[in-house]
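Student: Based on what follows, work out the 3D shape:
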Amino acid sequence: MNNVAVITARGGSKRIPRKNIRPFLGKPIMAYGIEAALASGLFDDVMVSTDDAEIADIARQYGASVPFMRSVETADDYSSTIDVILEVVDAYEGLGKTFQSLCCIYPTAPFVSQALLTETYSVLKNKQVDIVYPVQPFSFPIQRAFKLKDDLLSWAQPDSFLLRSQDLEPMYHDAGQLYWFNVARLQQERQLAGLTAGGVVIDEMHAHDIDTETDWKVAEFKYRLLHNLIPND
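Tutor: Down below sits the predicted model:
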């Protein structure tokens, strides 16, 4: 298939220290994405991009490769996911390897599944787009958002506020789980702007963005519900 999975796991996470390898219901959270990618059969290589020796060791324990270490330049708080991915693509080319498609999987995405990887890959191939990622619908119409300034509220979109919910166009946000790329197009553009994008809608039980301790607890609770791991009384 000539595809590579890249799990981006730097060592310097700030809001939740060592977040990428913290145990999530019994094993390092990064392991969930590695295992899903390996089990999918979609990839010639499942690799972890990291600047951290402990993360690299754990990645290898769960079957991923770490063919090279991430540079200091792409391991700081200001580097984007695109910066990291392009560095990986360039490094592979230096080793004489090229890939047609690349799937970036976030290390704190335990909800990534074989089915989701396969469905999003199918959209990349069949819709002839440059990037595909899962999206989730906003739980409340974003057209009815408020602005708050000096304790005073104002409507963000006054023309939409009094419309019926069913008359408002559904809006979606990035689920923060994974991104499939056409590697050649990514190398041409070297940024998200200019890439044609496709999306796969997933419900709110199949993803949870983890930035805080509360996010972590909610994600574990959702995972238990989703996989029937709630103990009986």
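Student: going forward, measure contacts between C-alpha atoms and count neighbours the same way
Tutor: Fine.
Student: Please, where are all the helices along this protein?
Tutor: Taking DSSP state H, the helices of the chain run over residues 29-40, 53-61, 81-94, 114-126, 158-161, 183-189, 213-226.
Student: I'd like to know which elements the second one is packed against.
Tutor: The criterion is 3 or more CA pairs under 8 Å, 6 or more residues apart in numbering; DSSP states H and E, and the helices and strands that helix 53-61 contacts are helix 29-40.
Student: The residue most central in space within the chain and F68, how far apart?
Tutor: Centroid-nearest residue in the chain: Q177, 2.7 Å away (criterion: CA atoms, centre = their mean). Distance of Q177 to F68, computed by CA to CA, to the nearest Å: 23 Å.
Student: Turn the helices of the chain into TSV, including mean pLDDT, distance to Q143 and mean neighbour count.
Tutor: Listed next are the helices of the chain as TSV, based on pLDDT from 0 to 100; distance: least, CA to CA, whole Å; neighbours: other CA atoms under 10 Å:
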stretch	mean pLDDT	distance to Q143	mean neighbour count
helix 29-40	98	34	21
helix 53-61	98	42	17
helix 81-94	96	29	17
helix 114-126	97	28	17
helix 158-161	86	6	14
helix 183-189	96	32	16
helix 213-226	96	25	15
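Student: Ramachandran angles for the residue nearest to the centre of the chain?
Tutor: Main-chain torsions, Q177, degrees, to the nearest 10: phi -110, psi -50.
Student: Hmm, L86 is touching E189, no?
Tutor: No - with contact defined as CA atoms under 8 Å, L86 does not count as touching E189 (10.7 Å).
Student: Alpha carbons of stretch 219-229, in PDB - could you do that?
Tutor: Provided in PDB are the C-alpha atoms of stretch 219-229 (Å, rounded to 0.1, in the frame of the first residue of the first chain):
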ATOM      1  CA  ALA A 219     -12.000  10.300  28.300                       C
ATOM      2  CA  GLU A 220     -11.500   7.300  30.500                       C
ATOM      3  CA  PHE A 221     -15.200   7.300  31.400                       C
ATOM      4  CA  LYS A 222     -16.300   7.500  27.800                       C
ATOM      5  CA  TYR A 223     -13.900   4.700  26.900                       C
ATOM      6  CA  ARG A 224     -15.200   2.500  29.600                       C
ATOM      7  CA  LEU A 225     -18.800   3.100  28.400                       C
ATOM      8  CA  LEU A 226     -17.900   2.500  24.800                       C
ATOM      9  CA  HIS A 227     -16.100  -0.800  25.500                       C
ATOM     10  CA  ASN A 228     -18.500  -2.000  28.300                       C
ATOM     11  CA  LEU A 229     -15.800  -1.700  30.900                       C
END
